[in-house]
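Chemist: I'd like to go over a predicted model; first the sequence, then the structure.
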Amino acid sequence: MMTADRISARELQELLAAGQPVTVIDIRLQADREWSIPGSLQFDSYDAVKSGSLGPLAKLDFPPGPVVTVCGMGATAAKATDLLRARGVHAMTLEGGMRAWSLAWNTAPTTISGCEVVQVRRTGKGCLSYIVASQSEAVVIDASVDPDVYARLLRERGWRLVAVADTHIHADHLSRSRLLAQQEGVDVWMPAQDRTQYRFRSLADGDQIIFGSTTLAAMRTPGHTEESTTYLLDSIAAFTGDTLFLNSVGRPDLEGGSHQQLAARARLLHESVRHLLQLPEATQVLPGHVSEPIPFDGRVLATTIATIRDTVALARLDAAEFVEAVLARIPPNPPNHSQIVELNERGEIPGDPGELEAGANRCAVA
Ligand SMILES: [Fe+2]
């Protein structure tokens, strides 16, 4: 593999997960670098490479180990690889570029209230999903990478999957929950709503998924979407989906509508955030996304209700201020979000999900 002039996203993921020395060189134009590979070095060499020279890259003193060149889809990076190899640098092109990297993932384990939790992080997109296990029975929340990944992680740990649940109907990535549930022969649980077009177990406010010696209790937290639901683990951890993030709140606008409708949803979101902040201070908050590429460091991305109360200014505003602040800071829509929502309502995944899912998640208002 290491003498080849290209490397797949999966192979690069494995190198980074194993802590192997590898230098990742991102040659995209700055304007195209909304998302990046953790630890990558950024060089404005795109135009130079296209016209056959290394540009600023020529000055780089390469550390030992392989060099991986990255661009949007892999074509220009391949030219950089050729130019670097001509200079004797052990360079390889990331096949399919950042679009292929969108599917890359890593994991971080933790223990909460006697339950084992594995945070499965789609580093190429910022989506966080979870395997929660109690006495070898497991529930997956917000599956966002290939079902085989969860199946393998479950098998490695000797856990039996008993349920798959989504916090809401996602707009930025294709949910893999239905596929995972079908593959493993369990039910999909969704917040009660009438949009999902396949058969699912419906969770109203207060309903529970019981497994091992614990429960996940549904706490309705509308605003990001109407059905958005937080799952409370033993009242000591909250899987907040896209309602409350580590340092921001969800966006209330992706279902569209008039300014009044958006304001009404922002008010609902304010109410939901207020409810969540009334949870005990030590409650762990485990969100559905982060807005940065996720390092291969095995450290769980989580915070506590107390920290959010202290640090997230939006969370301290009264309803009117909150609505105004949130609506003033709405980021651009995620690419293809209406098609993604439609597919998620139908529970379908196209042959090449990367085509729809390329790009960063944009679920947060910071
Ligand atoms: Fe979302």
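Modeler: Nice, I can see it.
Chemist: what sits against the residue of the chain found nearest the ion?
Modeler: Relative to the ion, the nearest point of the chain is residue 242 (3.5 Å; Cβ to the ion). C-beta: built from backbone N, CA, C; applies to glycine. For residue 242, the contacting residues are 167-168, 170, 224-225, 228, 250-251, 287-289, 363-364, by Cβ atoms under 8 Å, 6 or more residues apart in numbering.
Chemist: just residue 255 next, same as before
Modeler: 225-226, 265.
Chemist: tell me the secondary structure at it.
Modeler: When classified by DSSP: H, G, I helix; E, B strand; the rest coil, residue 255 comes out as coil.
Chemist: list of residues touching the helix or strand bottoming out on mean pLDDT in the chain?
Modeler: Ranked by mean pLDDT, DSSP states H and E, the weakest helix or strand in the chain is strand 364-365, scoring a mean of 75. Here strand 364-365 makes contact (Cβ under 8 Å, 6+ apart) with 242, 245, 248-251, 289, 291, 314, 326, 329-331.
Chemist: next one: that strand to chain centre, how far?
Modeler: Distance of strand 364-365 from its chain centroid, counting by Cα atoms, centre = their mean, to the nearest Å, is 13 Å.
Chemist: cool, and stretch 156-164?
Modeler: 21 Å.
Chemist: which element is residue 118 on?
Modeler: Assignment of secondary structure by DSSP states H and E places residue 118 within strand 115-122.
Chemist: what about the helix or strand following that strand and the ion, touching?
Modeler: Heading C-terminal from strand 115-122, the first helix or strand you meet, by DSSP H and E, is strand 127-134. No. Residues of strand 127-134 are not located near the ion by Cβ under 5 Å from the ion, the shortest gap being 9.4 Å.
Chemist: packing partners for strand 127-134?
Modeler: Strand 127-134 sits against strand 115-122, strand 137-141, helix 147-157, strand 284-287, with contacts defined as 3 or more Cβ pairs under 8 Å, 6 or more residues apart in numbering; DSSP states H and E.
Chemist: export these to TSV and tack on distance to residue 103 and mean pLDDT?
Modeler: Below are the helices and strands packed on strand 127-134 laid out as TSV (distance: least, Cβ to Cβ, whole Å; pLDDT from 0 to 100):
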stretch	distance to residue 103	mean pLDDT
strand 115-122	7	98
strand 137-141	17	98
helix 147-157	10	98
strand 284-287	20	98
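Chemist: need those in CSV (columns: mean neighbour count).
Modeler: Below are these laid out as CSV (neighbours: other Cβ atoms under 10 Å):
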stretch, mean neighbour count
strand 115-122, 22
strand 137-141, 26
helix 147-157, 16
strand 284-287, 24
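Chemist: reformat those as TSV; add distance to the ion.
Modeler: TSV is the format used below for the helices and strands packed on strand 127-134 (distance: least, Cβ to the ion, whole Å):
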stretch	distance to the ion
strand 115-122	13
strand 137-141	13
helix 147-157	19
strand 284-287	10
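Chemist: make CSV from the ones you listed and add distance to residue 129 to it.
Modeler: Putting the helices and strands packed on strand 127-134 into CSV (distance: least, Cβ to Cβ, whole Å) gives the following:
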stretch, distance to residue 129
strand 115-122, 5
strand 137-141, 6
helix 147-157, 8
strand 284-287, 10
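Chemist: what about the helices in the stretch 151-300 of the chain?
Modeler: For the stretch 151-300 of the chain, the helices defined by DSSP state H, counting those that start in this stretch occupy 177-184, 259-277.
Chemist: can you report how many residues lie near residue 346?
Modeler: Neighbour count for residue 346, taken as other Cβ atoms under 10 Å: 13.
Chemist: if we can go back for a sec, among the contacts of strand 364-365, name the ones in strands.
Modeler: Of these, the ones assigned to strands by DSSP state E are 249-250.
Chemist: pLDDT wise, what is residue 3 at?
Modeler: Note for residue 3: predicted pLDDT of 69.
Chemist: where does residue 93 sit, in terms of helix or strand?
Modeler: Residue 93 belongs to strand 91-94, assigned by DSSP H and E.
Chemist: if you average pLDDT over that strand, what comes out?
Modeler: 97.
Chemist: can you tell me the closest non-neighbouring residue to residue 275?
Modeler: Among residues not flanking residue 275 along the chain, residue 221 sits closest, at 6.7 Å (Cβ to Cβ, 6 or more residues apart in numbering).
Chemist: ok, that neighbour touching residue 277?
Modeler: No. With contacts counted by Cβ atoms under 8 Å, residue 221 stays clear of residue 277, the gap being 11.2 Å.
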